[in-house]
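[1] Sequence and predicted structure are below.
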Amino acid sequence: MSVFTRFDFDNDVVENQRTKVSSGLFSGGSGTLTSFFTGSNLGDVTGSYYAIHNKVTTDATSEIQFDIGYANHGGSGSAGNTTKLTTGGRQTATMYRQFRNVLLSPGTEKFTFTSAPSASNDFYFVAFNRARMREKLDPGNWELVLGSGAAKRKYIDDSGATNNPTVNEGGRVFNIVSGSLETGVGVIKTAAASQTGGAIGSFYPDLGILLFNASQLDTECSIGTVRGADAFADNGKKFFQKIADGAKFQVRREEEITSTNFFCRVNNKKYNFSSNPTFFTGSDGALVQSTFFKDPKVYITTVGLYNDDNELLAIAKLSKPILKSYSREAIIKVKLDF
C-alpha cells in the first residue's frame, strides 16, 4: 500500500506563478465601509488628526480602518505661531512636512494639484497603513462619498483615463476627480484639467495615500476649513463629519501573489486502500467489505505535502471527495500562495 509518492520536479511542480489579486480592504475583506467612528486621542486635543474605526471604539472587535487629518504649510488651523515660540506644536505644519518629505522631490516646498492656479497651502488626507492595504491600493477601484443632500459629492481617481501616470518619490500619482463606480467601472464626471481651481486632489496608490485639495472641498462640499493662526480649528473633525455624512467609502487593495503548483498524480494502482481501522477486520486483517476484494474503493479527501524527513509541511483539503479505485485515476493540483 503506497504511503508517499515523490514529486518529479521537472513535470509535477510549477514554481513562481505570479497573479495580481484584488480584494476588499476593510476588516473581514469587505470592500465597502458605511459607518465611521473616531477614536484618536490626538484628534480630541488638536482636531487635526483622527483614526477611523469600523465600530465604536468601546467594542472589543473595533479596528482602525484608516487615518484622516488636515495639513497646512504654515501651521494654520493648529496652535503655535510661525516662530514656534508659543505653546502648541503646530501639528498641521508638521503633517504637511511629513507628507512633503515622502511624496515630493527634494527642494519642492508645496503640493500643486493638476490645473490649480498656484501651489496649495493646505490639504485633507486619508492614509492607510501597510498592514491593511498590503502591497498597494487598487487604482480605479475606490470611491469616497463626502457630505449629504445638496452638498453630497462622489470622488474617484482618473487611472482609467491614462496609461502613462506620473511617477515621483511617492510612486504612481493619479488625480482625484468627481465621478463614481456605480456602473462597476470609474465614470469621470469632471476631468482634472477641466476642474475650475484645479484637481480635487492626488492619489498615491503605492503608498495608500489620498490628498484632497482643501480649497476645492470648501467649494464643492462646503467643508468650511478654518485657517486661523494659533488656534484649534478642528478641521480634521469637519472632514470626518463629511465622510460620516456620505456613509460610503469603497476601497480595494491589490497585491501580487507568487504561487507554486504541485500536481499530485494518483494512478490507477496506487492509493486504493485506507489505513482507517474500519477498512479491515481487527481479527484477521480481512476487508470489511467483501465486495472490495480485488476491487477496493476509497475516497480521497486530503493531500499532505511532506519533506524528505517525512515531516508534514502543508495540508490541502478537497472541496469534494474523489472516488478512487483500480479503474480510476486522479490529478490533484495543490496551490501554495506566498
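    Ah, there it is. Given the structure is predicted, the values throughout are model-derived calculations rather than measurements.

[2] okay, and for the stretch 201-338 of the chain, where does confidence drop off?
    Counting by pLDDT under 70, the stretch 201-338 of the chain shows low-confidence ranges at 277-278, 282-285, 288-291.

[3] Summarise which helices and strands the helix or strand hosting Ser259 is packed against.
    In this structure, Ser259 sits in strand 249-266 according to DSSP states H and E. When contacts are defined as 3 or more C-beta pairs under 8 Å, 6 or more residues apart in numbering; DSSP states H and E, strand 249-266 packs onto strand 13-24, strand 32-33, strand 136-146, strand 297-306, strand 330-337. Any C-beta I mention is one placed from the backbone N, CA and C, and that applies to glycine too.

[4] May I have the strands that pair with the longest one, each with its orientation?
    For strand 13-24, the paired strands and their directions (DSSP bridges) read strand 249-266 (antiparallel).

[5] do the same with the shortest one
    Strand 32-33 has the following sheet partners, assigned by DSSP bridges: strand 249-266 (antiparallel).

[6] What residues of the strand it pairs with count as buried?
    With burial defined by 16 or more other C-beta atoms under 10 Å, the residues of strand 249-266 counted as buried are Phe249, Gln250, Val251, Arg252, Arg253, Glu254, Phe262, Cys264, Val266.

[7] start to end distance for stretch 4-11?
    Distance between the two ends of stretch 4-11: 17 Å, counting by C-alpha to C-alpha, to the nearest Å.

[8] And the average pLDDT for it is what?
    For stretch 4-11, mean pLDDT rounds to 92.

[9] Then stretch 52-60?
    On average, stretch 52-60 scores 93.

[10] what are the C-alpha coordinates of that stretch, in CSV please?
    Output of stretch 52-60 as CSV, limited to C-alpha atoms (Å, rounded to 0.1, in the frame of the first residue of the first chain):
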residue,chain,number,x,y,z
ILE,A,52,-11.2,56.0,11.9
HIS,A,53,-12.7,52.7,13.2
ASN,A,54,-15.4,50.4,11.8
LYS,A,55,-17.2,50.2,15.1
VAL,A,56,-17.5,52.2,18.3
THR,A,57,-14.1,52.2,20.0
THR,A,58,-15.5,50.6,23.2
ASP,A,59,-16.3,47.5,21.1
ALA,A,60,-13.6,44.9,21.6
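
[11] and that stretch, which residues are buried?
    Buried residues in stretch 52-60 (16+ other C-beta under 10 Å): Ile52, His53, Asn54, Lys55.
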